[in-house]
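> Let's see this in three dimensions:
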Amino acid sequence: MKGGANLNAQIEDFMSDQVLGRRLDERTAKAYRLDLEHLYQWSQKQGIESMDEKTIENYLGYLVREKKLKYSTISRKYRVFGYYLKHLAVNGSIRGGYDVNCPISVKQENKRKDHKLSRSEIDAFFMTLNQEYDNLDNEFRKRICLRDGVMMELLFYHGIEISELLRLEVSDYSIKTGNLIIRGKRGKQRSEYLFSRELRQKMEQWIDVHEYFEKENAYHNVLFLSKIGRPLSMKMVILVFDKYRVMAGIEKTCKPKDLKNSFERYAKEMLREMG
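Model (predicted):
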């Protein structure tokens, strides 16, 4: 185990890499740091001298058996530790792989819980969003609502990851062709045709009013900006989703990724009703 000073520097180096690479908000960054600090505290008490896959698997097992942490907490820590081991491996701090096995109980729990939205819930969600836009009489708030609607429709209709959504730039969309360039992990790109005429119109509207949010020149090409002209964070996208989920009366526990994963279910339910 490395000394305290080296350990802190190692964690800070990882945090810097994650905050920039994943655009973590302050709350998420704090959770990442605490997860790592608790991992190292446990390792020191166990007299473990190395940080590797086995150490992390044993720690996760301890949290499941002894601490009885809920599956969502274990899943988050599992992802964070995976990112951390990969960071250490890339920087030569450890040797070997970095694929951590998630506790079986967590995998089973995830399979049992279905958070996908039904057709009626999806319809209520977007109806609520569209009604708010139509009823707003403040132009600035209408622009914010327009932005939110475009983001939610991209998640649902095109299955875009939130991280991909946050990487989008104004220049990624072609008004002429209706194609949107999506930049995924490790520099991979793909092109998505926005098949909905309404969504294409909303995208054009948003680009037209984008200049009202360009407070700082450094972010003028970022597609989705906040009220103060900064790039949106993952937390802000989650808050937008939660706002309309609650307004639509959807009581189940779900997240933006569940909206993203619900399109196939929506289509099947629609075909079933038509047939």
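
> So Glu211 versus Asn221, what's the distance?
12 Å (Cβ to Cβ, to the nearest Å). Backbone N, C-alpha and C define where each C-beta goes, glycine included.

> ugh, wrong one, I meant Met270
Met270 sits at a distance of 37 Å from Asn221 (criterion: Cβ to Cβ).

> still on that earlier bit, looking at Glu211 and Asn221, which has the bigger crowd around it?
Counting neighbours by other Cβ atoms under 10 Å for Glu211 and for Asn221 shows that Asn221 has the greater number, 13 against 9.

> gap between the more buried one and His210?
Here Asn221 is placed at a distance of 9 Å from His210 (Cβ to Cβ).

> list residues touching both of the two?
Contact criterion Cβ atoms under 8 Å, 6 or more residues apart in numbering; residues bridging Asn221 and His210 by contacting each: Val170.

> Would you check that Glu164 makes contact with Lys188?
No: with contacts defined as Cβ atoms under 8 Å, Glu164 does not count as touching Lys188, sitting 10.1 Å away.

> Who has more neighbours out of those two?
More neighbours sit around Glu164 than around the other of Glu164 and Lys188, counting by other Cβ under 10 Å; the figures are 18 against 8.

> Okay, and the more buried one sits in which element?
Counting by DSSP states H and E, the secondary-structure element that holds Glu164 is helix 162-167.

> so what does that helix touch, helix or strand wise?
Counting contacts by 3 or more Cβ pairs under 8 Å, 6 or more residues apart in numbering; DSSP states H and E, helix 162-167 is packed against helix 139-158, strand 179-183, helix 234-247, helix 256-260.

> Can you list the buried residues in it?
Ile162, Glu164, Leu165, Leu166, Arg167 (16 or more other Cβ atoms under 10 Å).

> That helix - what's its average pLDDT?
What helix 162-167 shows for mean pLDDT is 94.

> Could you list the low-confidence segments of the stretch 1-150 of the chain?
Within the stretch 1-150 of the chain, the stretches with pLDDT under 70 are 1-7, 19-22, 94-114.

> still on that earlier bit, output the buried residues of helix 162-167 as CSV; include the columns distance to Leu69.
As requested, these are exported to CSV (distance: Cβ to Cβ, whole Å):
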residue, distance to Leu69
Ile162, 24
Glu164, 29
Leu165, 29
Leu166, 28
Arg167, 31
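
> then the helix holding Glu164 to PDB, C-alphas only?
Coordinates of the C-alpha atoms in helix 162-167 are reproduced here as PDB (Å, rounded to 0.1, in the frame of the first residue of the first chain):
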ATOM      1  CA  ILE A 162     -26.600  11.000 -21.200                       C
ATOM      2  CA  SER A 163     -22.800  11.200 -21.500                       C
ATOM      3  CA  GLU A 164     -23.200  11.300 -25.300                       C
ATOM      4  CA  LEU A 165     -25.900  14.000 -25.000                       C
ATOM      5  CA  LEU A 166     -23.600  16.200 -23.000                       C
ATOM      6  CA  ARG A 167     -20.900  15.900 -25.600                       C
END
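
> which residues sit against that helix?
22-23, 151, 154-155, 182-185, 224, 231-234, 237-238, 256-257, 260.

> Got a PyMOL select line for the buried ones in the residues you listed?
Of these, the buried ones go into a single PyMOL selection, burial set by 16+ other Cβ under 10 Å:
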select buried, resi 22+23+151+154+155+182+224+231+232+233+234+237+256+257+260
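
> Which residues are in contact with Gly229?
If you count contacts by Cβ under 8 Å, 6+ apart, Gly229 has them with Phe213, Glu214, Lys215, Glu216, Tyr219.
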